[in-house]
Structure formats: structure tokens, C-alpha cells
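Enquirer: Quick one, what's the 3D model for this:
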Amino acid sequence: MGTWSASLDGDDEACDLRDTIALVAKLPRSGDALLALLREREEDSVEGDVPPAWWVVVADQFERRGIACPEAFQRALQVIEGGEDLAYLRDLGMDTRDLKKRAMVLDEVATRLRAPRPVKPRPKAGKPPANPMQAGEIYAFPTMRHGAVNSWFPSWAQARFVPDGWGACVVLATGRAFDWLPWAAVESLGVETGVEPCLEAAVAAPFFAGQGPSRCVPRKLQMQRTGLKRLGQVVLDAAKVEADLRDAPSAEETVMAGWAISSVVLGWGRQRPPRGGLADLMP
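Expert: Modelled structure (predicted):
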């Protein structure tokens, strides 16, 4: 974990882990099952043991969310009490001043882990979250320099986004990772950028060569921030779509990464020559 500051979320990997925990915490699974899921993902992405801070971040987030997980708490306390985290950061080059700040942060976490807050009920395996997208839907969206706005920003002004064109995309398929969390596979369409596209123009537009379809986590708020405008819906051939998605990241990988719709759609650019189009995926 590359260090930015002495805080627990002071590096990009810790921030990603925190966001991943926020996502998987919605699953109707026990704390032990969630820990196993997180460890499997982490071990797939790193060689050897996970960094000491990984255990501290997991335990901190579980405790804050009222998720019972004795293994995570005990391992994090071992990391803190044994000085593993501080030694790891010292080897990475953290200076003495920040190490002292980090020690205070770790002490606060350890105090909470020794007497965690009451456990909150885990989500029950009832009705899963709704998916705001449907297969075959076609959307238009404003672009700036061929890219969609970063939908993690609450406003276009904060994202410094000034639209100068248009893009379009089609939802190829939808589903649920872990039989619970929604995902959507989308592919960008090469519509003319200077005018807001209509349904007919989007259906006739080619895909981008080299881009290919990508999965994302569809969220209503981020769809609104991206400025998605539903143009209509077409019928797609499921077998052809499945073949088109063969090289796309898995549903589980997508959901764990939390990719937003705005990160997987593009506006037309000359650097991306066309290939095929929707007609190739229709019955």
C-alpha cells in the first residue's frame, strides 16, 4: 500500500479496500464469510501475504459497521500490538512525525476492537437490490473531450465538466454478482458527437474497435450524474452477447471494484476505428 498520509485511508489501495467493504457489506453473509471473500480477492491480486494495514482497515470497517468477525479483530490487534504496521510503513519511508500520528490512529482502532460496538443484524436473504438497467436499453450521454463526466463527483461543476459533445451506449446484459449485487454490461456506440443522438442513429452506429464491452455497477444516482438519457430498447441475441462478453472482466471482479457507468463509456473518437454494431448482436 503506497502511503499518502498517516490515516487508515491515506493511500489508494486502502481507499479501494474501504469502498469494496462498503459494497460487500450489503451481502446477506456473516462477517466470517465476508472476510473469506475479501481475502480471496486480495490474495488473487498480490504475491505473498497481504500488507499489515489490510487487516487493520478490514477490522476498522467491520467494527464501524457492527459486523462481527473475531478473526479480523484478533489479527488486526496482533498487527497493531506487535508493531507490524508501523514497521512496514517505516520500511516504506514514512517519516518519524507521520509514524507518531499513525501510532495514535492505531491506538484508537485498537481501543475499539477490544470493546467493539454492538453487532448489527446482517442483511437477510430476501429481495435483492433492484437493477436500474435492462438489457437492450440504449442511452445517450454528454461528453467532454470524448469522455463522460466522473460520476463520483456530486456535480458537473465540481468535476470541472463542460460538455462539448455526445456519446451513446447500449446495455448488452445485466445480472447479479454473488447472486445479489447488480451489474450491467455496456458497450459504447460511435454516434456523431456534435448533436444529441436519437434511437435510430444509435442503433445504426458502430462499436469502437479495441474498446469492447465492459461491466459496471449501475447506480441510479451515478446514472443521473452522468446525464444518461434513455433513447429506447432493442432485442438482443443472448448467445451473441455472451460471446461478445467473453473477454470482459467477470461480474464478481466488476462489482468488487465498484466500476461506475461513467468509467466504462466513451464518446466517439477518431483514434478508435469502428467495428461492427448492434445489428451483429440482434436476432
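
Enquirer: Buried ones in the helix or strand residue 79 falls within, by neighbour count?
Expert: Here residue 79, judged by DSSP states H and E, is contained in helix 70-81. By neighbour count with 16 or more other Cβ atoms under 10 Å, helix 70-81 contains the buried residues 72, 73, 75, 76, 77, 79, 80. To be clear about C-beta, it is placed using only N, CA and C from the backbone, and glycine gets the same treatment.

Enquirer: Equivalent analysis for stretch 100-118, please.
Expert: For stretch 100-118, the neighbour count (16+ other Cβ under 10 Å) marks 102, 105, 106, 109, 110, 113, 116 as buried.

Enquirer: of those residues, closest to residue 7?
Expert: Within those, proximity to residue 7 (Cβ to Cβ) peaks at residue 105, which comes in at 6.2 Å.

Enquirer: So that closest one lies in a strand, does it not?
Expert: No - assigned with DSSP: H, G, I helix; E, B strand; the rest coil, residue 105 falls outside any strand and is helix.

Enquirer: still on that earlier bit, next structured bit after the helix holding residue 79?
Expert: Using DSSP H and E, the helix or strand that follows helix 70-81 in sequence is helix 84-92.

Enquirer: Mean confidence (pLDDT) on that next one, please.
Expert: Helix 84-92 carries an average pLDDT of 93.

Enquirer: Just the CA trace of it, in CSV.
Expert: Taking Å, rounded to 0.1, in the frame of the first residue of the first chain, the C-alpha atoms of helix 84-92 are listed here in CSV:
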residue,chain,number,x,y,z
GLU,A,84,3.9,-4.8,12.3
ASP,A,85,2.1,-1.9,10.6
LEU,A,86,4.5,0.8,11.9
ALA,A,87,7.5,-1.3,10.9
TYR,A,88,6.0,-1.9,7.4
LEU,A,89,5.4,1.9,6.9
ARG,A,90,8.9,2.7,8.3
ASP,A,91,10.4,0.5,5.7
LEU,A,92,8.4,2.3,3.0
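
Enquirer: helices or strands next to that helix in the packing?
Expert: Counting by 3 or more Cβ pairs under 8 Å, 6 or more residues apart in numbering; DSSP states H and E, the packing neighbours recorded for helix 84-92 are helix 52-64, helix 96-114.

Enquirer: Would you check that my belief about residue 264 contacting residue 215 is correct?
Expert: Yes - contact criterion Cβ atoms under 8 Å: residue 264 and residue 215 qualify, at 7.4 Å.

Enquirer: and residue 147, what are its bridge partners?
Expert: Taking DSSP bridges as the rule, residue 147 bridges to residue 144, residue 266.

Enquirer: ok, now residue 168?
Expert: In beta-bridge terms (that is, DSSP bridges), residue 168 pairs with residue 140, residue 189.

Enquirer: secondary structure element for residue 128?
Expert: Short version, using DSSP H and E: residue 128 is in no helix or strand.

Enquirer: That one and residue 29, how far apart?
Expert: Separation of residue 128 from residue 29 (Cβ to Cβ, to the nearest Å) stands at 13 Å.

Enquirer: For the two, work out which one has more neighbours and name it.
Expert: Comparing residue 128 with residue 29 by neighbour count (other Cβ atoms under 10 Å), the higher total belongs to residue 29, at 19 against 16.
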